[in-house]
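Student: all I have is the shape, not the residue letters:
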């Protein structure tokens with residue numbers, strides 16, 4: 001598995017970033033070079049050694065009078081210690097939880113801040129699927145979870161994202177009417193867009209981008225799917241592409257931090273294989289990436305999972321890149337990953353699916369459907385205000 005030693009080539013003012021020391025070293029450098037304002041938005045930010053490493057740099061930044069805004073999800077970062085929050089706020093860091101899990105008038109289920117986003121000085125952006133914890137950093141003996149981000153060194157995108165981060169932090173009502181404009185990078189004819197998904201506020205850009213890209217695919221679709229459990233429209237768009245002779249490869253979790261999710265995915269393997277969709281399981285570490293490349297010219301990387309929770313519940317953010325050079329560079333990496341995966345065939349699936357395994361997969365499938373339907377139902381009935 002490629003780590004920080006893997007060669008990364010910048011396309012214009014944009015670079016693919018890998019989980020592990022590559023990501024955390026870049027994040028430290030971004031914080032160290034910040035002069036005015038940093039926005040940090042994460043679903044999970046743990047106070048472990050990886051988290052402390054980043055917090056230490058943020059504290060040093062306050063000594064340089066850098067304004068820092070930290071917005072963490074109230075459920076994903078529930079364990080973030082109150083003592084640490086008090087210390088951060090006393091140092092001048094602006095800290096807030098998005099939708100605390102419990103409040104005086106509601107139980108906040110389903111609608112989560114799923115961003116993994118850093119914006120520095122309206123100049124540099126780090127966006128993707130990587131959270132702040134030891135699992136994504138790895139150790140000397142343990143490889144990090146497989147995941148990706150993109151570093152964008154472009155002031156046009158970063159300025160717009162900084163404004164959006166401010167609005168989200170301060171719960172501005174007009175936030176959800178804002179659309180981040182695409183930016184054309186002259187190098188390598190690259191167009192970069194930041195696309196969002198928040199179904200409740202009618203922001204369906206990521207969901208629509210996936211549907212449109214799958215529907216218009218001509219040759220090949222490669223998907224990295226950590227919690228792959230697509231809804232009906234996404235499934236149909238994939239199956240339609242397969243029917244149109246588009247070659248489809250899915251890189252899925254061989255081991256998972258959520259066993260129920262993996263078993264639910266396994267239950268739909270047969271229907272995917274019947275459509276000549278190729279399945280590959282990554283077994284070296286936990287797979288957490290959320291990405292896709294279509295026809296070697298369209299790439300998206302971010303926080304959006306191909307399931308109903310991302311489609312209809314959480315606040316998600318992806319980078320969308322239209323670039324042959326960038327897509328081909330990423331494809332080289334993904335094809336290397338595929339060589340290290342276990343290929344799932346009808347024969348191998350038949351061998352692993354004994355009666356007990358099939359039953360557990362079937363039960364997990366329906367349990368997962370019930371859970372996803374429940375947690376995405378609550379926001380529509382309970383949420384009557386902006387965040």
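Tutor: Yep, it's here. In this text the structure is predicted, and so the values were computed from the model without any measurement.

Student: may I ask you to confirm that residue 71 belongs to a helix?
Tutor: No - looking at residue 71 with DSSP: H, G, I helix; E, B strand; the rest coil, it is strand, so not inside a helix.

Student: which residue packs closest to it, ignoring adjacent ones?
Tutor: residue 41 (4.7 Å; Cβ to Cβ, 6 or more residues apart in numbering). Using the backbone N, CA and C atoms, a C-beta is placed for each residue, glycine as well.

Student: roughly how far apart are residue 57 and residue 308?
Tutor: According to Cβ to Cβ, to the nearest Å, residue 57 stands 37 Å off from residue 308.

Student: out of these two, which sits in the busier spot?
Tutor: residue 308 (22 against 17; other Cβ atoms under 10 Å).

Student: my guess is that one contacts residue 370, does it?
Tutor: No - using Cβ atoms under 8 Å, residue 308 is not in contact with residue 370, being 11.4 Å away.

Student: which stretches of the stretch 101-250 of the chain form strands?
Tutor: Assigned by DSSP state E, counting those that start in this stretch, the stretch 101-250 of the chain shows strands spanning 116-120, 124-128, 148-152, 183-185, 190-198, 203-204, 220-225, 247-253.

Student: quick one on the thing from earlier: what's the helix or strand for the residue nearest to residue 71?
Tutor: Element membership for residue 41 (DSSP states H and E) is strand 37-42.

Student: strand partners (parallel or antiparallel) of that strand?
Tutor: Applying DSSP bridges, strand 37-42 is found paired with strand 67-73 (parallel), strand 116-120 (antiparallel).

Student: what about the shortest one, average pLDDT?
Tutor: To tie it back to what came earlier, the one meant is strand 116-120. Mean per-residue pLDDT for strand 116-120: 98.

Student: measure residue 247 to residue 345 for me?
Tutor: For residue 247, the distance to residue 345 - Cβ to Cβ - is 16 Å.

Student: which sections of the protein are below the confidence cut-off?
Tutor: 1-12, 100-110, 173-188, 377-387 (pLDDT under 70).

Student: longest single helix anywhere in it?
Tutor: Scanning the chain for the helix with the most residues, using DSSP state H, yields helix 355-382.

Student: in this structure residue 334 contacts residue 296, no?
Tutor: No - contact criterion Cβ under 8 Å: residue 334 and residue 296 do not qualify, at 11.1 Å.

Student: more crowded one of those two?
Tutor: Using other Cβ under 10 Å, the more surrounded residue of residue 334 and residue 296 is residue 334, with 21 against 16.

Student: hey, where'd the helices end up in this structure?
Tutor: In the chain, the helices defined using DSSP H lie at 21-33, 49-63, 82-90, 134-137, 155-169, 205-216, 232-243, 259-267, 269-274, 308-312, 324-339, 346-352, 355-382.

Student: can you say which of these is packed in most?
Tutor: Highest mean neighbour count among those (mean count of other Cβ atoms under 10 Å): helix 308-312, with a mean of 24.

Student: distance from the chain centre to that one, please.
Tutor: In terms of Cα atoms, centre = their mean, to the nearest Å, the centre of helix 308-312 is found 13 Å from the chain centre.
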